[in-house]
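Student: Requesting a structural model of the entry that follows:
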Amino acid sequence: MPTLSLPPDANTPHRPPDWRWERASWLIARGQTQGLRAEDQFVRTVRRYQIDRKAATTERPLARLAARCPGLYYAQEILQDPNQAVRWAVEARLLAGQSLDAIAARSGLSVATVYWYECAFFNVLDRLGARDYIATVVIGEDAQRGINSRHYNVLWKLYGYLGGAGVLDAIISQQGSDPAAKAWLDADAAGALSLKANQAARTVPVAYNHGLILDAYLRMRQVEATGGNLPGDSYGAHIAALFDSIGPTVVGGEDDVAGGGRYAQYDQRATELRASDMLAIGAGDEIAALDRQFPDPPPRPLQAVQPPAGE
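Tutor: Alright, predicted model coming up:
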């Protein structure tokens, strides 16, 4: 049995930004004419507009509708325009908290068009303070799954919401001349790298080289603590010591064991190291108890193979 559901309204916890358009469409589909006064006034206007737009099957009634409701008519044109860049810019600037006048001036649109675009298709101004709602519903999961420079619709929203109008100007125009925007972008780049590094560290699968990773990380932090300016040849010696501690990484050759760093002696044993053992070895500890707890089996003498009876 299908689950019953109602269309979104102003109080829906995770309402879509175009909830008014969606609710008006639902009212028309149900043929509901009673109780419309209880509806949001913008929902009623959008409902009437949708009915008239569907009835305008020729140019003359469509022109009359555009003249009567220019803001809503051209807002829908932005939504349906194949050039989606105008739409993405308007939405990003709404998330940046810019005024309708400023957005209209930047986008070459009328204030009424921006006003009705926000009302009907991207109603976010009353929830800009709800950061989780903006991140999970308005911007959506793409920001969490991974994006690249081609996903500029998501990037513009992120820059607008997090950095504000000045940062968004620099991103859309591809000109980073504003000092405040440049400072924010530099700090954001460092913060984003730090966050990605932390996520990578938390999601590293359990493997033999955890100790090596920790060792490399600690050495890197030591270099950072000195500002990368170690005296004389100590910086090169520092890096050489790092690679010496890691040992060879080629797998499958005869030199895997020879010079294999801290793990070589354990690789020759019949026991399997646990994750805690590998981390301890990577930190410089010796796991001497392995031989006593799990001694290597004594060699077994080879026995001559007896031919089957009768041969």
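Student: And Pro8, how far from Leu95?
Tutor: Remark: distance between Pro8 and Leu95 (CB to CB, to the nearest Å) = 19 Å. The way it works is simple: take the backbone N, C-alpha and C, and place the C-beta from them, glycine included.
Student: So between the two, which is more surrounded?
Tutor: Applying other CB atoms under 10 Å to Pro8 and Leu95 shows that Leu95 carries more neighbours, namely 24 against 17.
Student: Identify the residues contacting Leu162.
Tutor: By CB atoms under 8 Å, 6 or more residues apart in numbering, Leu162 lies in contact with Asp188.
Student: helix or strand for it, which one?
Tutor: helix 152-163 (DSSP states H and E).
Student: Give the rounded mean pLDDT of that helix.
Tutor: Helix 152-163 shows a mean pLDDT of 92.
Student: any idea which helix or strand comes after that helix?
Tutor: Per DSSP H and E, the first helix or strand lying C-terminal to helix 152-163 is helix 165-173.
Student: What's the mean pLDDT across the next helix or strand after that following helix?
Tutor: With elements assigned by DSSP H and E, the helix or strand that comes after helix 165-173 is helix 179-202. Here helix 179-202 scores 84 as its mean pLDDT.
Student: Residues contacting helix 179-202, please?
Tutor: Leu162, Gly163, Gly164, Gly166, Val167, Asp169, Ala170, Gly176.
Student: Quick check: Ser149 vs Ser107, distance?
Tutor: 22 Å.
Student: same thing with Arg145?
Tutor: Using CB to CB, Arg145 is found at 29 Å from Ser107.
Student: More neighbours: the two, which one.
Tutor: Between Arg145 and Ser107, counted using other CB under 10 Å, Ser107 has the larger neighbour count: 17 against 7.
Student: buried sites along the one helix or strand Pro61 maps to?
Tutor: Assigned by DSSP H and E, Pro61 belongs to helix 59-68. Buried positions in helix 59-68, judged by neighbour count with 16 or more other CB atoms under 10 Å: Leu65, Ala66.
Student: Alpha carbons of that helix, as PDB, please.
Tutor: Taking C-alpha atoms only, helix 59-68 is exported to PDB below (Å, rounded to 0.1, in the frame of the first residue of the first chain):
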ATOM      1  CA  GLU A  59       1.000  34.100 -28.400                       C
ATOM      2  CA  ARG A  60      -1.700  36.600 -27.600                       C
ATOM      3  CA  PRO A  61      -2.900  35.200 -24.300                       C
ATOM      4  CA  LEU A  62       0.700  34.400 -23.300                       C
ATOM      5  CA  ALA A  63       1.700  38.000 -23.900                       C
ATOM      6  CA  ARG A  64      -1.200  39.200 -21.800                       C
ATOM      7  CA  LEU A  65      -0.100  36.900 -19.000                       C
ATOM      8  CA  ALA A  66       3.500  38.200 -19.200                       C
ATOM      9  CA  ALA A  67       2.200  41.800 -19.000                       C
ATOM     10  CA  ARG A  68      -0.100  41.000 -16.100                       C
END
